[in-house]
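Q: okay, predicted coordinates and the sequence, questions at the end:
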Amino acid sequence: MAAARAAAAVDAYQHNTLIRAAADHRSLLLAFRAMLREGVAADHFTFPFALKALAQAHHRSPPPCAAAPATATTTLGCLHAQMVKSGHGANVYAASALVHAYVSRADAASARAVFDAARHRNVVTWTAMIAGHAAAGEAREAVALFREAVARGQEVNGITVAQVMGACAQSRDLESGRWVHATLRRWGVEPILLDVALATAVLHMYASCGGLDAAFEVFDKMPRRNEVSWNAMAEVCSRHGRQDKVLEVFPGMHSVGMKPDKVTWLSILRACTSKGAAGLGQGVHAYMEKTIGHRHVAVCTSLMDMYSKIGNARSALQIFQCLKRKDLMAWTSMIIGLAKHGHGKDAVQLFNQMQHGGVVPDHVAFVGVLTACSHAGMVDEARKYFDSMWNHYGIRPTIKHYGCMIDLFSRAGRLAEAEGMMQMMPIQPSVTMWGSMMNGCKVHGRADIAERVGRQVAELNPQFGAIYVIMSNIYAEIVLPSVQLLTLYVAWKERGTVEPANELYSGNGEQYRNTRYRSTKRELV
DNA sequence: TATTTTCCCC
């Protein structure tokens, strides 16, 4: 009996080793099934190993098509079921690993279900769950869970704090961030002095919620800094429009013997782009070719973006074509770049190529292709792409997509369709949309529609002052019989918005133009 | 033989 148990333990050890070594979910499943088939029972190492292998495999190569990750999900579900069945669900290591596995698959809801049902939890379980909420963009839940942990007297560590700081940064929750910091100090811990990762997380939190000065203060106090600390600083400066400071990071790092990595380059490139510093950007490009080459998709995407924005579509295209592994953002950047430079048809073609290559478009990619259609006057194609967003990809159109469509219809003079879309869509029309439509009316000489729609807007939203500005634009371009102006004047007066109407009514064409500028300042700022 | 770390392009 004892010998049989010892033999089984040896067997489990061997299977565990195979399971741990699995590089993808397929080989993992094979190794796990082999264990079941040979009748070897899983021990308390099996599930932590298997789940970690699965999480890492997913991290290394996420499914190319987000709509069909069926196999990987099945593997995880299978492990979860076996874990519960075999009674290892009560093992805190296994439970933590399961929470993390769901988190790595961006399934925070399932992770939370496991977390809530777990019989035993420790600091790792709590940390994994807090990290899961943060990764899913559920910053409030992450902070709430951390507060709960502290209230229960649950042990937390530097990793937990780093995660919750990240959540505070994400939701610009300065109050919670300060509270976390103060709580640690109350415990006699100064996180900035503790370790680099934690200090960097604190730095990032203050930078996101407080501002540059708070970030500099933390940075100066840090006893040690690594590349990530410098990168956080560079990123913060570039977000706050301090391009000069970003460009100081490079010599700053150099002076302490550190080299910029791909994240540093992203900030530096962004600084060059927003500064419009073409020469500098090209210098950076040349330097990067020598150091890191064309290996990083993100950096190349940023470079493409820079070249597109300074009007050099050719260089952007060259970098794009050199890219071996093109991801969604690279495709999107190129599509938008082409669209903006009047190559609408090429951009649409690129979008189709991307889809054929199995890259699944997201909402930004759709903004790109719709913009491209708009510039190329491809109204019916746009309609097709727009419909496929929800029908094929389950992406709900946002205000930007509706804006593209309305702009597109209006430019093409298909004003009834523009109007129809504005009436059908589930969101409030924006000033830009009314502007697009009114502009379409102007270009296509449809003062009748402009007047009807404008009146409608004024009636539906009397507080929506911008419509009067837009209307005065129209009237400045298309002179209507004075009786119609008078009608409008009366309508506006009833609404209590007579000021712009007064100016409009008493003037001639020249004055309408003046009205437009004055009104624009008053109404839109 | 085990679980959880900071900065990131469209």
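A: It's in.
Q: up against DNA strand B, what does the stretch 351-500 of chain A have?
A: Proximity of the stretch 351-500 of chain A to DNA strand B, by CB under 7 Å from any atom of the strand, involves residues A:362, A:364-365. In this view, the C-beta of every residue, glycine as well, is placed from N, C-alpha and C.
Q: get me the contact residues on the stretch 151-300 of chain A for DNA strand B.
A: Proximity of the stretch 151-300 of chain A to DNA strand B (CB under 7 Å from any atom of the strand) is limited to residues A:157-160, A:162-163, A:166, A:169, A:195-198, A:200-201, A:204, A:226-229, A:231-232, A:235, A:262-263, A:266, A:270, A:297-298.
Q: how about the contacts made by A:M304?
A: Shown in contact with A:M304 (CB atoms under 8 Å, 6 or more residues apart in numbering): A:316, A:319-320, A:330, A:333-334, A:337.
Q: repeat that for 10 Å
A: Applying CB atoms under 10 Å, 6 or more residues apart in numbering, we find A:M304 in contact with A:269, A:312-313, A:315-320, A:323, A:329-330, A:333-334, A:336-337.
Q: so how far is A:M83 from A:R33?
A: To A:M83, A:R33 is 15 Å away according to CB to CB, to the nearest Å.
Q: between these two, tell me which one has more neighbours.
A: The neighbour comparison of A:R33 against A:M83 (other CB atoms under 10 Å) goes to A:M83, with 23 against 11.
Q: my read is that that one contacts A:A94, right?
A: Yes - counting by CB atoms under 10 Å, A:A94 is a contact partner of A:M83 at 5.9 Å.
Q: who in the stretch 1-150 of chain A is up against DNA strand B?
A: Residues of the stretch 1-150 of chain A lying close to DNA strand B by CB under 7 Å from any atom of the strand are A:9, A:12-13, A:16-17, A:20, A:43-45, A:48-49, A:52, A:55, A:91-94, A:96-97, A:100, A:122-125, A:127-128, A:131.
Q: buried ones among the residues you listed?
A: Buried members of those, scored by 16 or more other CB atoms under 10 Å, are A:12, A:16, A:20, A:43, A:45, A:48-49, A:52, A:55, A:91-94, A:96-97, A:100, A:123-125, A:127-128, A:131.
Q: now, those that are in helices?
A: Judged by DSSP state H, helices contain the following of these: A:12, A:16, A:20, A:48-49, A:52, A:55, A:92-94, A:96-97, A:100, A:123-125, A:127-128, A:131.
Q: from the residues of the stretch 351-500 of chain A next to DNA strand B, pick the one nearest A:G276.
A: A:V364 (22.9 Å; CB to CB).
Q: just to revisit the earlier point, anything in contact with each of A:M83 and A:A94?
A: Shared contacts of A:M83 and A:A94 (CB under 10 Å, 6+ apart): A:42, A:46-47, A:50-51.
Q: quickly name whichever of these is closest to DNA strand B.
A: A:L51 (7.3 Å; CB to the nearest atom of the strand).
Q: A:S86: neighbouring residues, count only.
A: For A:S86, the count of nearby residues is 15 (other CB under 10 Å).
Q: for it, what are its contacts?
A: A:41-43, A:46-47, A:94.
Q: want to throw those residues into TSV with pLDDT?
A: Compiled in TSV, the contacts of A:S86 are given as follows (pLDDT from 0 to 100):
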residue	pLDDT
A:A41	92
A:A42	93
A:D43	92
A:T46	95
A:F47	96
A:A94	96
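Q: closest one of those residues to A:N391?
A: A:F47 (39.7 Å).
Q: assign the residue lying closest to A:T291 once chain neighbours are set aside to helix, strand or coil.
A: Of all residues not flanking A:T291 in the chain, A:K259 sits nearest, at 7.6 Å (CB to CB, 6 or more residues apart in numbering). Under DSSP: H, G, I helix; E, B strand; the rest coil, A:K259 falls in the coil class.
Q: A:M288 is in contact with A:K259, correct?
A: No - in this structure, A:K259 is not within contact of A:M288 by CB under 10 Å, at 11.6 Å.
Q: quick revisit: farthest-separated two in the contacts of A:M304?
A: Using CB to CB, the contacts of A:M304 span at most 19.1 Å, a distance reached by A:N312 and A:M329.
Q: host element of the residue of the stretch 401-525 of chain A found nearest DNA strand B?
A: Taking CB to the nearest atom of the strand, DNA strand B has its nearest neighbour within the stretch 401-525 of chain A at A:H401, 13.7 Å off. Applying DSSP states H and E as the criterion places A:H401 in helix A:399-411.
Q: give me the mean pLDDT for that helix.
A: Taken as a whole, helix A:399-411 has an average pLDDT of 94.
Q: can you give me how far it is from the chain middle?
A: 22 Å (CA atoms, centre = their mean, to the nearest Å).
Q: repeat for stretch A:176-192
A: Computed by CA atoms, centre = their mean, the chain-centroid distance of stretch A:176-192 equals 29 Å.
Q: if we can go back for a sec, in TSV: the shared contacts of A:M83 and A:A94, plus neighbour count.
A: Formatted as TSV, those follow (neighbours: other CB atoms under 10 Å):
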residue	neighbour count
A:A42	24
A:T46	26
A:F47	27
A:A50	31
A:L51	27
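Q: now the helix or strand hosting A:R33: buried residues?
A: Element membership of A:R33, judged by DSSP H and E, is helix A:25-37. Going by neighbour count (16+ other CB under 10 Å), the buried part of helix A:25-37 is A:25, A:28-29, A:31-32, A:35.
Q: tell me the one among the residues you listed nearest to A:F351.
A: Nearest to A:F351 among those: A:H25, at 30.2 Å, using CB to CB.
Q: quick check: the gap between that closest one and DNA strand B.
A: Applying CB to the nearest atom of the strand, to the nearest Å, the value for A:H25 to DNA strand B is 16 Å.
Q: tally of neighbours for A:N312?
A: Neighbours of A:N312 under the rule other CB under 10 Å: 18.
Q: thanks a lot, see you next time.
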